[in-house]
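Student: Give me the fold of what follows.
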Amino acid sequence: MKLNELISHFTIAVSNEESQVLDKIDSVMLYDSFTERDQFVIDGLIRKSLVTKIKHKGNFLVTKNEI
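Tutor: Numbers count the residues shown, from 1 in each chain. Predicted coordinates:
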């Protein structure tokens, strides 16, 4: 039995600030294009598995995970 069969709906708590930064991420974007504060918030979203950080040709990219 899979976990999503046991739990039909679950939510991950995000703050207002995290929600605003998450809305800024439209597609795959450069991590360095964000302010230092936004980068700190993105790191928290990565720990919550809402955002993925990808290394590509020496640059870091971020993208939303499917929800």
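Student: can we go C-alpha only for contacts and neighbour counts from here?
Tutor: Fine.
Student: contacting residues around residue 27?
Tutor: The contact partners of residue 27, taken as Cα atoms under 8 Å, 6 or more residues apart in numbering, are 63-64.
Student: For it, what are phi and psi?
Tutor: phi -150, psi -150 (degrees, to the nearest 10).
Student: cool, and residue 51?
Tutor: In terms of degrees, to the nearest 10, the main-chain angles of residue 51 are phi -130, psi 150.
Student: what separates it from residue 61, distance-wise?
Tutor: Distance, residue 51 to residue 61, using Cα to Cα, to the nearest Å: 10 Å.
Student: can you check residue 11 too?
Tutor: According to Cα to Cα, residue 11 stands 25 Å off from residue 61.
Student: Give me the pLDDT value at the most centrally placed residue in the chain.
Tutor: Nearest to the geometric centre of the chain sits residue 51, at 2.0 Å (Cα atoms, centre = their mean). What the model reports for residue 51 is a pLDDT of 95.
Student: So between residue 11 and residue 61, which is more surrounded?
Tutor: Shown here are residue 11 and residue 61; by other Cα atoms under 10 Å, residue 61 has more neighbours (17 against 6).
Student: Check for me that that one belongs to a strand.
Tutor: Yes - under DSSP: H, G, I helix; E, B strand; the rest coil, residue 61 sits within a strand.
Student: Quick check: which ranges of the protein have low pLDDT?
Tutor: For the chain, applying pLDDT under 70 flags the ranges 1-5, 67.
Student: Do a quick rundown of the helices in it.
Tutor: 3-6, 16-24, 36-47 (DSSP state H).
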